[in-house]
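Participant: Sequence below, structure please.
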Amino acid sequence: MLSEKQKELLKETKQISILDQRESRYNYLGLLSDYQLNSESLIRDLDYIKLNPYQHFLFKRILHGLNIYKKEEVDQMHWDKKKRIKKVWFKGQQAINELKQYISYKQSQKIFSIFKGNIGEDIVNLPFEYLPDYQNKLSLKELGLKYEDLIIKFMSSGLLPKNFLSLKSNENKENITKNDSNKQTIYKIKEAIS
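Facilitator: Just a heads-up that it's a prediction; the model follows:
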């Protein structure tokens, strides 16, 4: 059996290796320069599980669009807000597709660098070109991407604010829910009168 000291040492080495892999992944993606806009403590703290509810909501709204809302909420939503959410969702899907294509490109470059001669060198020397019409069908898991990578991509493309990692939970949430419940009560009264 392992002693407590050995267990602590194993936990620390595991955490260090996770951080090293994360930093190497961001270097590999070419996103570390965007990621360095934030302080070192925020870089170490980026973990999808540790997002507060407001950050989680903003991220999921870009990732899933109107699907995060209930049907009743979408029906009551203003048409302009629906349009904005759809537009941001579409831009998010394009950003994800671009990231997938870039990762696939980088992985294929490693494979083609094995070949010596004119064929391998010609293919390796080709620059990356994003094709918006081509839909990359590989999953995030197959490419080794995590939600943290998507958050950084969304931040670099302007879909999430640059201070996303330092956003606090929405302090006015209680007021918003009270207003929403008041609106729902008013709708119920109007329906009852009609």
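
Participant: all contacts plus neighbour counts: C-alpha atoms, from now on.
Facilitator: Fine.

Participant: Residue 68 touches residue 59, doesn't it?
Facilitator: No - with contact defined as Cα atoms under 8 Å, residue 68 does not count as touching residue 59 (10.7 Å).

Participant: burial measure for residue 125, as a count.
Facilitator: Neighbour count of residue 125, defined by other Cα atoms under 10 Å: 11.

Participant: Roughly how far does it sit from residue 58?
Facilitator: In this view, residue 125 and residue 58 are 38 Å apart by Cα to Cα, to the nearest Å.

Participant: do the same with residue 107
Facilitator: Residue 107 sits at a distance of 30 Å from residue 58 (criterion: Cα to Cα).

Participant: do the same with residue 67
Facilitator: Applying Cα to Cα to residue 67 and residue 58 gives a distance of 13 Å.

Participant: So between those two, which is more surrounded?
Facilitator: Neighbours were counted for residue 67 and for residue 58 using other Cα under 10 Å; residue 58 has more, 15 against 11.

Participant: Disregarding flanking residues, what is the spatial nearest neighbour of that one?
Facilitator: In this structure, residue 58 finds its nearest non-sequential neighbour in residue 160, 7.6 Å apart by Cα to Cα, 6 or more residues apart in numbering.

Participant: same question, residue 104
Facilitator: Of all residues not flanking residue 104 in the chain, residue 143 sits nearest, at 7.3 Å (Cα to Cα, 6+ apart).

Participant: Quick one: residues contacting the one you found.
Facilitator: Remark: with contacts taken as Cα atoms under 8 Å, 6 or more residues apart in numbering, residue 143 is in contact with 100, 103-104.
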